[in-house]
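Chemist: Okay, sequence plus prediction incoming.
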Amino acid sequence: MKRRLCHLLGLSTLALGPFLPERAEAAPATYSIYCRGGQGATDLNVGNVGVVFQKLFLHAGTAYDADTLAPGTCAWPDRPMTPQEPHRLYYVHELGGRDFVSVRGDMQLGLWRAGQGMIAEQDTPANLDAVNKLQSENFIVELRVRSDAITRKLRRGEPRQVKILRIKEVGVVRQIGASNRG
């Protein structure tokens, strides 16, 4: 009886094989990194579909230490960064149909929504708020990132692959000099 059941299940799997969903691809791994805002070139591109944020940063020579992380520097929690690792943070925030992003004079992003004949300021989502914090050396931001690459055009027009750390989510934002006590 047991043998027949196994045989029957095996045949049904073969017959249904083309109709069964394929295994989902494993999501690329993400890693925590700590970045102190401040120095480093920042590039913001705001369009109809969203905002693209890129920030160059320096590698810390040691594992993350909140007391010694210099402005414009990022560090892994458990080891120093190697020279082969990316020097660029990259974040894309897609906009809904009625959402707009504005960039203030201090390079801070704001979110606006059109509705009922007016445009109203919205609460800034955590990821956009963290992007704003990366502009100030008074904040350390924990980010979940994954290694990736983008294609950029050089001035002469040729494409070039650039290694990046794509921001997937934001963890703790810590203000320098602020107490962690409640």
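Modeler: Structure received. Residues are numbered from 1 along each chain as shown.
Chemist: Each with direction, which strands does the longest strand along the chain pair with?
Modeler: Ordering each strand of the chain by length in residues (DSSP state E) puts strand 159-175 first. According to DSSP bridges, strand 159-175 forms sheet pairs with strand 88-94 (parallel), strand 139-153 (antiparallel).
Chemist: quick one: which of the ones you listed is nearest T73?
Modeler: Taking Cβ to Cβ, strand 139-153 is the member of those nearest to T73, at 9.8 Å. Any C-beta I mention is one placed from the backbone N, CA and C, and that applies to glycine too.
Chemist: Now do the buried residues in that closest one.
Modeler: Judged by neighbour count using 16 or more other Cβ atoms under 10 Å, the buried positions of strand 139-153 are F139, I140, V141, E142, L143, V145.
Chemist: Equivalent analysis for stretch 128-142, please.
Modeler: Here stretch 128-142 shows 128-136, 139-142 as buried, counting by 16+ other Cβ under 10 Å.
Chemist: swap in stretch 69-86?
Modeler: For stretch 69-86, the neighbour count (16+ other Cβ under 10 Å) marks L69, P71, G72, T73, C74, A75, W76, M81, P86 as buried.
Chemist: Show the contacting residues for V170.
Modeler: By Cβ atoms under 8 Å, 6 or more residues apart in numbering, V170 lies in contact with A126, N127, D129, A130, V141, E142, L143, R144.
Chemist: Relative to R160, which of those residues is nearest.
Modeler: Closest to R160, out of all of these and judged by Cβ to Cβ, is L143, at 24.5 Å.
Chemist: How much space separates that closest one from E169?
Modeler: 8 Å (Cβ to Cβ, to the nearest Å).
Chemist: my guess is A29 meets D148, correct?
Modeler: No - A29 lies out of contact with D148 (Cβ atoms under 8 Å); the separation is 11.5 Å.
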